[in-house]
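In: Only the shape, not the letters, is given here:
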(Lines give C-alpha, C1' and ligand atoms only; values in the text may rest on other atoms or scores of the structure.)
Protein backbone atom coordinates (compact mmCIF):
# COMPACT_ATOMS: atom_id res chain seq x y z
CA UNK A 1 0.00 0.00 0.00
CA UNK A 2 1.37 3.40 -0.94
CA UNK A 3 1.64 6.05 1.75
CA UNK A 4 1.31 9.79 1.13
CA UNK A 5 5.04 10.27 0.46
CA UNK A 6 5.02 7.44 -2.10
CA UNK A 7 2.03 9.04 -3.82
CA UNK A 8 3.80 12.41 -3.91
CA UNK A 9 6.89 10.76 -5.42
CA UNK A 10 4.82 8.96 -8.07
CA UNK A 11 2.90 12.16 -8.92
CA UNK A 12 6.13 14.18 -9.23
CA UNK A 13 7.73 11.54 -11.46
CA UNK A 14 4.59 11.39 -13.62
CA UNK A 15 4.91 15.13 -14.20
CA UNK A 16 8.66 15.01 -14.88
CA UNK A 17 10.52 11.69 -14.96
CA UNK A 18 13.78 13.58 -15.57
CA UNK A 19 13.65 15.44 -12.27
CA UNK A 20 16.85 15.09 -10.24
CA UNK A 21 16.76 13.20 -6.95
CA UNK A 22 17.68 16.45 -5.20
CA UNK A 23 14.72 18.29 -6.72
CA UNK A 24 12.41 15.33 -6.13
CA UNK A 25 13.50 15.04 -2.50
CA UNK A 26 12.93 18.75 -1.95
CA UNK A 27 9.49 18.61 -3.60
CA UNK A 28 8.27 15.73 -1.41
CA UNK A 29 10.01 16.88 1.80
CA UNK A 30 12.78 14.28 2.14
CA UNK A 31 16.56 14.25 1.90
CA UNK A 32 18.17 12.67 -1.19
CA UNK A 33 19.06 9.23 0.20
CA UNK A 34 15.64 8.39 1.71
CA UNK A 35 13.99 9.69 -1.46
CA UNK A 36 16.24 7.52 -3.66
CA UNK A 37 15.49 4.49 -1.45
CA UNK A 38 11.74 5.08 -1.81
CA UNK A 39 12.01 5.39 -5.60
CA UNK A 40 14.07 2.19 -5.71
CA UNK A 41 11.47 0.40 -3.54
CA UNK A 42 8.66 1.63 -5.83
CA UNK A 43 10.61 0.29 -8.82
CA UNK A 44 11.25 -3.05 -7.07
CA UNK A 45 7.54 -3.37 -6.21
CA UNK A 46 6.57 -2.70 -9.84
CA UNK A 47 4.69 0.50 -9.01
CA UNK A 48 7.18 2.36 -11.21
CA UNK A 49 7.60 0.17 -14.28
CA UNK A 50 9.93 2.40 -16.22
CA UNK A 51 10.50 5.85 -17.62
CA UNK A 52 9.62 7.03 -21.10
CA UNK A 53 9.56 9.98 -23.43
CA UNK A 54 6.26 11.28 -24.77
CA UNK A 55 6.53 12.43 -28.36
CA UNK A 56 4.02 14.79 -29.96
CA UNK A 57 2.77 12.81 -32.99
CA UNK A 58 1.95 15.99 -34.94
CA UNK A 59 5.54 17.22 -34.67
CA UNK A 60 6.76 14.11 -36.54
CA UNK A 61 4.10 14.18 -39.24
CA UNK A 62 1.15 12.34 -37.68
CA UNK A 63 -1.62 14.95 -37.81
CA UNK A 64 -4.56 12.75 -36.80
CA UNK A 65 -5.04 10.98 -33.49
CA UNK A 66 -8.21 8.93 -33.10
CA UNK A 67 -9.91 6.55 -30.73
CA UNK A 68 -11.61 3.51 -32.19
CA UNK A 69 -14.11 1.36 -30.34
CA UNK A 70 -13.89 -2.19 -31.69
CA UNK A 71 -16.36 -5.04 -31.25
CA UNK A 72 -15.01 -8.50 -32.05
CA UNK A 73 -15.96 -12.17 -32.04
CA UNK A 74 -14.40 -13.29 -28.76
CA UNK A 75 -13.39 -16.74 -29.95
CA UNK A 76 -10.57 -14.98 -31.85
CA UNK A 77 -9.65 -12.42 -29.19
CA UNK A 78 -6.10 -13.77 -28.82
CA UNK A 79 -5.52 -13.45 -32.57
CA UNK A 80 -7.00 -9.94 -32.55
CA UNK A 81 -4.70 -8.86 -29.71
CA UNK A 82 -1.66 -10.38 -31.43
CA UNK A 83 -2.48 -8.47 -34.64
CA UNK A 84 -2.96 -5.24 -32.68
CA UNK A 85 0.45 -5.63 -31.01
CA UNK A 86 2.07 -5.76 -34.45
CA UNK A 87 0.26 -2.78 -35.98
CA UNK A 88 2.57 0.25 -36.13
CA UNK A 89 -0.16 2.92 -35.93
CA UNK A 90 -1.94 1.53 -32.86
CA UNK A 91 -0.43 3.29 -29.85
CA UNK A 92 -2.58 1.77 -27.11
CA UNK A 93 -5.21 -0.94 -26.80
CA UNK A 94 -7.60 -1.20 -23.86
CA UNK A 95 -9.99 -4.12 -23.23
CA UNK A 96 -13.23 -2.47 -22.10
CA UNK A 97 -16.77 -3.25 -21.06
CA UNK A 98 -19.90 -1.76 -22.56
CA UNK A 99 -20.85 -1.52 -26.21
CA UNK A 100 -17.32 -2.20 -27.50
CA UNK A 101 -14.78 -4.83 -26.53
CA UNK A 102 -11.67 -2.73 -27.12
CA UNK A 103 -10.67 0.92 -27.33
CA UNK A 104 -7.73 1.64 -29.63
CA UNK A 105 -5.71 4.85 -29.73
CA UNK A 106 -4.16 5.35 -33.16
CA UNK A 107 -2.25 7.97 -35.11
CA UNK A 108 -2.20 8.61 -38.84
CA UNK A 109 -0.81 11.24 -41.19
CA UNK A 110 -4.19 12.65 -42.24
CA UNK A 111 -7.90 11.79 -42.66
CA UNK A 112 -7.27 9.97 -45.93
CA UNK A 113 -4.74 7.71 -44.18
CA UNK A 114 -7.20 7.19 -41.30
CA UNK A 115 -9.90 6.11 -43.76
CA UNK A 116 -7.49 3.74 -45.52
CA UNK A 117 -6.34 2.28 -42.21
CA UNK A 118 -9.95 1.66 -41.13
CA UNK A 119 -11.10 0.14 -44.43
CA UNK A 120 -8.01 -1.80 -45.52
CA UNK A 121 -6.32 -2.74 -42.26
CA UNK A 122 -8.40 -2.54 -39.09
CA UNK A 123 -11.54 -4.04 -40.62
CA UNK A 124 -9.46 -7.07 -41.70
CA UNK A 125 -8.00 -7.85 -38.28
CA UNK A 126 -9.19 -11.18 -36.82
CA UNK A 127 -12.76 -11.13 -35.52
CA UNK A 128 -13.57 -7.45 -36.12
CA UNK A 129 -17.35 -7.04 -36.37
CA UNK A 130 -17.83 -3.31 -35.85
CA UNK A 131 -15.84 -0.14 -35.29
CA UNK A 132 -16.77 3.36 -34.16
CA UNK A 133 -14.14 6.03 -34.74
CA UNK A 134 -13.77 9.33 -32.89
CA UNK A 135 -10.93 11.62 -34.04
CA UNK A 136 -9.39 13.84 -31.38
CA UNK A 137 -10.50 17.30 -32.49
CA UNK A 138 -8.16 19.26 -30.21
CA UNK A 139 -5.03 17.03 -30.17
CA UNK A 140 -4.24 15.38 -26.88
CA UNK A 141 -5.27 15.68 -23.24
CA UNK A 142 -6.36 19.07 -22.01
CA UNK A 143 -6.35 18.12 -18.33
CA UNK A 144 -5.20 15.33 -16.07
CA UNK A 145 -2.25 13.08 -16.63
CA UNK A 146 -1.65 11.80 -20.15
CA UNK A 147 0.89 9.28 -18.87
CA UNK A 148 -1.75 7.13 -17.15
CA UNK A 149 -2.71 6.31 -13.60
CA UNK A 150 0.56 4.75 -12.29
CA UNK A 151 -1.43 3.30 -9.39
CA UNK A 152 -1.92 6.74 -7.86
CA UNK A 153 -5.67 6.25 -7.38
CA UNK A 154 -6.11 9.99 -7.73
CA UNK A 155 -9.55 10.87 -9.12
CA UNK A 156 -9.54 12.17 -12.66
CA UNK A 157 -5.94 11.15 -13.43
CA UNK A 158 -5.27 9.08 -16.51
CA UNK A 159 -7.46 6.51 -18.22
CA UNK A 160 -8.52 3.77 -15.83
CA UNK A 161 -9.34 0.68 -17.86
CA UNK A 162 -8.40 -2.98 -17.90
CA UNK A 163 -5.73 -3.07 -20.56
CA UNK A 164 -4.68 -5.94 -22.79
CA UNK A 165 -1.44 -7.83 -22.64
CA UNK A 166 0.07 -10.45 -20.40
CA UNK A 167 -0.14 -9.43 -16.78
CA UNK A 168 -2.36 -6.41 -17.50
CA UNK A 169 -1.06 -2.88 -17.47
CA UNK A 170 -0.37 -0.49 -20.32
CA UNK A 171 0.98 -2.03 -23.47
CA UNK A 172 2.51 0.30 -26.05
CA UNK A 173 2.09 -1.66 -29.24
CA UNK A 174 4.10 0.70 -31.40
CA UNK A 175 7.20 0.36 -29.25
CA UNK A 176 10.03 2.89 -29.06
CA UNK A 177 8.11 5.14 -26.67
CA UNK A 178 4.90 5.03 -28.67
CA UNK A 179 6.44 6.39 -31.85
CA UNK A 180 4.94 4.66 -34.90
CA UNK A 181 7.28 2.62 -37.09
CA UNK A 182 7.00 5.08 -39.99
CA UNK A 183 8.26 7.88 -37.76
CA UNK A 184 11.18 5.76 -36.55
CA UNK A 185 12.18 4.99 -40.14
CA UNK A 186 11.93 1.24 -39.80
CA UNK A 187 9.63 -0.94 -41.86
CA UNK A 188 8.48 -3.63 -39.42
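Out: Cool, the structure landed. What you see is a predicted model; the values in this text were computed from it and never measured.
In: Spell out which residues make up each domain of this structure.
Out: Residue ranges for the domains of the chain, per automatic domain parsing: 4-45, 57-184.
In: TSV for these, including mean neighbour count and mean pLDDT?
Out: The C-beta positions use only the backbone N, C-alpha and C, and glycine is treated the same way. Shown next, in TSV, are the domains of the chain (neighbours: other CB atoms under 10 Å; pLDDT from 0 to 100):
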stretch	mean neighbour count	mean pLDDT
domain 4-45	15	95
domain 57-184	16	73
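In: Between those, which one is closest to residue 51.
Out: Closest approach to residue 51 among the domains of the chain (CB to CB): domain 4-45, 4.3 Å.
In: mind giving me JSON lines with the domains of the chain and columns for distance to residue 51?
Out: Shown next, in JSON lines, are the domains of the chain (distance: least, CB to CB, whole Å):
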{"stretch": "domain 4-45", "distance to residue 51": "4"}
{"stretch": "domain 57-184", "distance to residue 51": "10"}
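In: In contact with the residue lying farthest from the centre of the chain, which residues?
Out: The centre of the chain is farthest from one residue, residue 31, which by CA atoms, centre = their mean lies 32.0 Å away. Neighbour list for residue 31: residue 25 [criterion: CB atoms under 8 Å, 6 or more residues apart in numbering].
In: same thing with the one 4 residues further on?
Out: For residue 35, the set of contacting residues under the criterion of CB under 8 Å, 6+ apart consists of 9, 21, 24-25, 28.
In: residue closest to the middle of this structure?
Out: residue 92 (5.1 Å).
In: Where is the longest helix in this structure?
Out: helix 32-45 (DSSP state H).
In: Return the subset of the contacts of residue 35 lying in strands.
Out: If you go by DSSP state E, the contacts of residue 35 have nothing in strands.
In: For this protein, which segments are assigned as helices?
Out: 4-15, 21-28, 32-45, 77-86, 111-116, 181-184.
In: Out of these, which is closest to residue 102?
Out: helix 77-86 (7.6 Å).
In: What helices and strands are in contact with that closest one?
Out: strand 90-95, strand 102-108 (3 or more CB pairs under 8 Å, 6 or more residues apart in numbering; DSSP states H and E).
In: With distance to residue 69 as added columns, please give the helices of the chain in JSON lines.
Out: Shown next, in JSON lines, are the helices of the chain (distance: least, CB to CB, whole Å):
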{"stretch": "helix 4-15", "distance to residue 69": "27"}
{"stretch": "helix 21-28", "distance to residue 69": "38"}
{"stretch": "helix 32-45", "distance to residue 69": "33"}
{"stretch": "helix 77-86", "distance to residue 69": "14"}
{"stretch": "helix 111-116", "distance to residue 69": "15"}
{"stretch": "helix 181-184", "distance to residue 69": "24"}
